[in-house]
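Enquirer: next one to model:
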Amino acid sequence: MGQIREGARLGAWAVGGIIGLAVLYVIGVFAFGGAGWITAPFRGEADKRENAVGSGEFRQTAYEEFFDLCEAVQNAEGTIQALQALQEERKAASETRTTQIDQSITALKATRIESVNAYNSKAAQEHRAPFRDKDLPYRLDATAERTTCTN
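Expert: Model prediction:
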């Protein structure tokens, strides 16, 4: 019975020693750069995003983009207003000319709505929103007749 007990004790020490060496190995791998190799894919994505979003060029472009989009909405509104003046011409115009006027107004309204949607979409993006000027509205209203690009 003593030999069996002695053999079991030796086996337990051997298994404990192997587990201890494995733990020391894992600690050594992490201590000497192994963790960097294991986490490289995650850090690479974070670094790539930080390099793009954190760059001065991106910040400047995103800042100016909000002004450009708001201006595009206002330009479309101005052109729609100018075409509304054609309503007088429309009353006396031929059927072909009436159709052209209606199509032009419809196309400009669609362009305005696309610009409003683009502005709102970019304003809602987490990585772009911080670069929207404080004087610009948070969202533009697609149903409003006039857009103001300052609060």
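Enquirer: which residues of this protein fall in helices?
Expert: In the chain, the helices defined using DSSP state H lie at 2-31, 34-38, 40-53, 56-84, 87-92, 95-124.
Enquirer: shouldn't residue 69 be in contact with residue 120?
Expert: No. The criterion here is Cβ atoms under 8 Å, and residue 69 misses it with residue 120 at 9.2 Å. Glycine gets a C-beta too; all of them are placed from N, C-alpha and C.
Enquirer: what pLDDT does the residue nearest in space to the middle of the chain get?
Expert: With distances taken as Cα atoms, centre = their mean, the residue of the chain nearest its centroid is residue 125 (4.1 Å). pLDDT recorded at residue 125 is 84.
Enquirer: do you know which of the helices of the chain lies nearest residue 145?
Expert: helix 56-84 (7.3 Å; Cβ to Cβ).
Enquirer: which stretches of this structure have low pLDDT?
Expert: 1-2, 29-55, 150-151 (pLDDT under 70).
Enquirer: can I get the helices of the chain in a markdown table with mean neighbour count and distance to residue 143?
Expert: Below are those laid out as a markdown table (neighbours: other Cβ atoms under 10 Å; distance: least, Cβ to Cβ, whole Å):
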| stretch | mean neighbour count | distance to residue 143 |
| --- | --- | --- |
| helix 2-31 | 10 | 58 |
| helix 34-38 | 11 | 52 |
| helix 40-53 | 10 | 32 |
| helix 56-84 | 15 | 12 |
| helix 87-92 | 10 | 21 |
| helix 95-124 | 15 | 9 |
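Enquirer: need the contact partners of stretch 87-102.
Expert: Residues from elsewhere that reach stretch 87-102 (Cβ atoms under 8 Å, 6 or more residues apart in numbering): 83, 86.
Enquirer: switch the cut-off to 6 Å
Expert: By Cβ atoms under 6 Å, 6 or more residues apart in numbering, the surrounding residues in contact with stretch 87-102 are residue 86.
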